[in-house]
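Q: I'll drop the sequence and a predicted model, then ask my questions.
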Amino acid sequence: MIGLAHDPSELSYASLNFAIKLTAKGVAEVRENNAYAGETAYAAGDVFRISVENREVKYYQNGKLFFTSLNKAADTLFAKAVLVHLGARASHVVIVSGK
């Protein structure tokens, strides 16, 4: 799982407030505070983005919006990845601040 969190010190996947979890069955799950919030199918090479726009959290796949959170983001969020499988990796991670 990779996403955004309010607390940078917590190391568990449950600490991710806004996250995307890629499953082995080709489903990308939106997980918020470790609760299922939505999903979309994915394939190798897809690019995901979690964006905070005026405190609204939006999830994109290959540049297209596929989910908007009902939860609002706090002012400060940290990027976090929780890798639970041997060989798991996150690549090409980019953090951009509009401030």
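A: Received, thanks.
Q: residues in contact with the residue nearest to L70 when sequence neighbours are not counted?
A: Leaving aside its chain neighbours, L70 sits nearest to A37 (7.9 Å; criterion: CB to CB, 6 or more residues apart in numbering). Using the backbone N, CA and C atoms, a C-beta is placed for each residue, glycine as well. If a contact means CB atoms under 8 Å, 6 or more residues apart in numbering, then A37 has E29, V30, R31, F67, S69, L70 as its contacts.
Q: Among the residues you listed, which one has the most neighbours?
A: V30 (23 neighbours; other CB atoms under 10 Å).
Q: Please verify my assumption that that one contacts T23.
A: No - taking contacts as CB atoms under 8 Å, V30 lies outside contact range of T23: 11.9 Å.
Q: Which positions in stretch 69-80 come out as buried?
A: In terms of neighbour count (16 or more other CB atoms under 10 Å), stretch 69-80 has its buried residues at S69, A73, L77, F78, K80.
Q: same question, stretch 83-99
A: Neighbour counts using 16+ other CB under 10 Å place no residue of stretch 83-99 among the buried ones.
Q: Let me see the mean pLDDT of it.
A: Across stretch 83-99, pLDDT averages out at 75.
Q: swap in stretch 22-29?
A: Per-residue scores along stretch 22-29 average to 93.
Q: secondary structure element for the residue nearest to L70?
A: A37 belongs to strand 35-41 when elements are defined using DSSP states H and E.
Q: quick one: whichever helix or strand comes after that strand to chain centroid distance?
A: Next in sequence after strand 35-41, counting helices and strands by DSSP H and E, comes strand 48-53. Relative to its parent chain, strand 48-53 has a centroid offset of 8 Å by CA atoms, centre = their mean, to the nearest Å.
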